[in-house]
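[1] From the sequence below, what's the structure:
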Amino acid sequence: MKKRIKTTLNIQGHRGCRGLFPENSLPAFQQAILLGVHTLEMDVVLSADYQVVVSHEPFISRIFCLTPDKQPIPESMDMKYNLFEMLYDEIRLFDCGSRKHPGFPEQKTTPCYKPLLREVFTLAEQLNPNIKYNIEIKSKPVWDGIYMPYPEAFVKQVLEVVDLYKVSSRTNLQAFDVRILEQVKKQAPAIPIALLVDEKESISEKLHSISFKPEIISPYFQLLTKELVQRYQALGYKIIPWTVNDNADLQRMIAYKVDGIITDYPNRLL
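    Model (predicted):
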């Protein structure tokens, strides 16, 4: 394993290291750890049998996944392979690594499946027992009962896996959906929470929409200025922007003295 660089900056591999390996896959998480990231960032959804699956979408993406017989997914089937309606054994048959992702030309293609959260924990703990986890619970109100259960049940399932692997002290949970964060605070008040802020939102307005003070604010990086970072840090928040990939933007975030950076290219940041 490469020696990790000593820094106060929390280096987070986005979906493992999406710029280098298929996103949210075991090869991506393995490579991120070998590169020396401090934190693995990932997304989770649920299968029909309530398995916690590591996936950015609650459906099989036609952008980079193939059917079990290695065929492209037609446009007419976009969002139709609903993971919440599929048993995990069915989900596992789809190949989400052999098809080149059009947005990441450096990405190495390799056959891989959508792993369970517990598989990621098992692999990561073997490679680096000090690794941290930043887990996004993918949720939207319009998905309730269709692509996901209601927030209370969803959060409960995720926390059960985190507790089973005894990694809560090295884990934070994040979401754009504040209902999810309210449930995390209710069910596991000791776990640090990151409030995700998208490019069309206001950091201050998003903070006012939640009933407690989260430990981390994780905004789209272009929302930040050096003054904003200093202001929120002075109020006790950690600032960890997403998803910063270009060298100039990485340098700018470092100059702003953010607390961490989520990137598809941890090799560049390191």
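[2] show me the contacts for the most centrally placed residue in the chain.
    Computing the C-alpha centroid of the chain and ranking residues by Cα atoms, centre = their mean puts Met42 first, at 2.6 Å. By Cβ atoms under 8 Å, 6 or more residues apart in numbering, the contact set of Met42 is 15-16, 24, 29, 54, 117, 120, 133-136. (Glycine included, C-beta is placed from N, CA and C.)
[3] cool, and Arg15?
    23-24, 28, 41-43, 56, 264.
[4] roughly how far apart are it and Asp259?
    Arg15 sits 20 Å away from Asp259, going by Cβ to Cβ, to the nearest Å.
[5] that older thread, let me have the contacts of Arg15 in CSV, extended by distance to Glu152.
    Output for the contacts of Arg15, formatted as CSV (distance: Cβ to Cβ, whole Å):
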residue, distance to Glu152
Glu23, 28
Asn24, 24
Ala28, 30
Glu41, 24
Met42, 22
Asp43, 19
His56, 22
Asp264, 32
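[6] Enumerate every residue touching Val188.
    Just so we're on the same page, residue 188 is Ala rather than Val. Contacts of Ala188 (Cβ under 8 Å, 6+ apart): 159, 162, 168, 173.
[7] Tell me the pLDDT of it.
    Looking at Ala188, its pLDDT is 98.
[8] Mind checking the pLDDT average for the longest helix along the chain?
    Ranked by residue count and defined by DSSP state H, the top helix of the chain is helix 151-164. Averaged across helix 151-164, pLDDT comes to 98.
[9] One more: stretch 218-227?
    Rounded mean pLDDT across stretch 218-227 is 98.
[10] List the buried residues of that stretch.
    218-221, 223-224 (16 or more other Cβ atoms under 10 Å).
[11] now, which of those sits nearest Glu199?
    Tyr220 (4.2 Å; Cβ to Cβ).
[12] Could you look up the SS state of the nearest residue to that closest one once chain neighbours are set aside?
    Spatial nearest neighbour of Tyr220, chain neighbours left out: Glu199 (4.2 Å); criterion: Cβ to Cβ, 6 or more residues apart in numbering. Applying DSSP: H, G, I helix; E, B strand; the rest coil to Glu199 yields a three-state assignment of coil.
[13] Please verify my assumption that Glu199 contacts Leu224.
    No: applying Cβ atoms under 8 Å as the test, Glu199 and Leu224 come out as separate, 11.4 Å apart.
[14] Name the residues contacting each of those two.
    In contact with both Glu199 and Leu224: no residue, using Cβ under 8 Å, 6+ apart.
[15] Which stretches in the stretch 101-250 of the chain count as strands?
    132-137, 171-175, 193-197, 216-219, 238-239 (DSSP state E, counting those that start in this stretch).
[16] the inter-axis angle of the first one versus helix 151-164?
    Okay, so that is strand 132-137. Following axes from the mean of the first three to the mean of the last three Cα atoms, to 10 degrees, one obtains 160 degrees for the angle between strand 132-137 and helix 151-164.
[17] got a list of contacts for strand 132-137?
    Defining contact as Cβ under 8 Å, 6+ apart, one finds that strand 132-137 is touched by 10, 12, 38-44, 117, 121, 124, 154-155, 158, 162, 167, 170-175, 177, 180, 184, 194, 196, 240, 262.
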